[in-house]
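Chemist: Here is a sequence with its predicted model. Questions after.
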Amino acid sequence: MARERRGRSLVEDVYGALRAEILFGQRLPAARLQLNEIAEAHGVSLSVVREAVTRLASEELVEATPQRGFHVRPLSVEHLRDLTWVRVQLETLALRESIAKGDVSWEADLVAAHHRLAGTPMYFEDGSGNAEWMAAHGAFHAALAAAAGSPILERLRRQLYDASELYRYWVGNLPHHPTDRHVGDEHKAIVDATLARDADRACALLVEHLETTAHALEAIAPDDDLVP
């Protein structure tokens, strides 16, 4: 039976399914992706899977290596530090541009994105991650940067954001991770400073917000290799 088409294409379907599996730990860091098995499971051709996996590689969620093929990106403190540093540069640039250029419609969209995020639990009662929170969190950070006016900047910002979600998952699921962080308060402070058009304070708060995850993971990492 031919697979039902959903979304823009079969590639989009497979890409979305694999991305969710990676971000929620169903496919572990460094795990090899068996393209033939994925194609069979989704009822699609191998070329569709290759295109979807190549897109994930462009977002740094997947790596391709000689002899091994494609695998989920391994996690390491070194990579996290580099990723966080570059994210800080791009996210603060986008936020400053948005504060300078954003109009009342941008402000309204930001308030709405924050309201949705604040009203969505990060975890379920059983401790499992909430996919709706992850979507709302991504939309919130996109809303902060939405008025920057640069499609290239937004594409790069989004790619790095997606790559960082691997680390967000493992910070929340490795044992003995810090539990006294108030992420909701961090988001509200960033929004308040942004709406006040205080670019220096908003960017400083955003930098602290981005770096907290990296520092928390470094504190609990048993060594430089974070693959469980």
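Modeler: That came in fine, so what should we check first? These numbers were taken from a predicted model, which means no experiment stands behind them.
Chemist: and the next element down the chain from whichever strand or helix holds Ser164?
Modeler: If you go by DSSP states H and E, Ser164 is part of helix 151-173. Using DSSP H and E, the helix or strand that directly follows helix 151-173 along the chain is helix 183-195.
Chemist: Could you measure from Leu35 over to Tyr15?
Modeler: In this structure, Leu35 lies at 13 Å from Tyr15, with CB to CB, to the nearest Å as the measure. All C-beta spots, glycine's among them, are computed from the backbone N, C-alpha and C.
Chemist: Ignore what I typed, I meant Ala196.
Modeler: 39 Å.
Chemist: So between these two, which is more surrounded?
Modeler: For Ala196 versus Tyr15, the count of surrounding residues by other CB atoms under 10 Å is larger for Tyr15: 22 against 11.
Chemist: residue boundaries of the helices in the protein?
Modeler: Secondary structure of the chain (DSSP state H): helices located at 10-23, 35-42, 46-58, 77-101, 104-118, 131-145, 151-173, 183-195, 199-220.
Chemist: Which among those is found nearest to Arg68?
Modeler: Each of the helices of the chain has some distance to Arg68 by CB to CB; the shortest is helix 35-42, at 12.1 Å.
Chemist: now that closest one against helix 46-58, angle please.
Modeler: In this structure, helix 35-42 runs at an angle of 110 degrees to helix 46-58, with axes from the mean of the first three to the mean of the last three CA atoms, to 10 degrees as the basis.
Chemist: Show the average pLDDT along helix 35-42.
Modeler: Rounded to a whole number, the mean pLDDT of helix 35-42 is 94.
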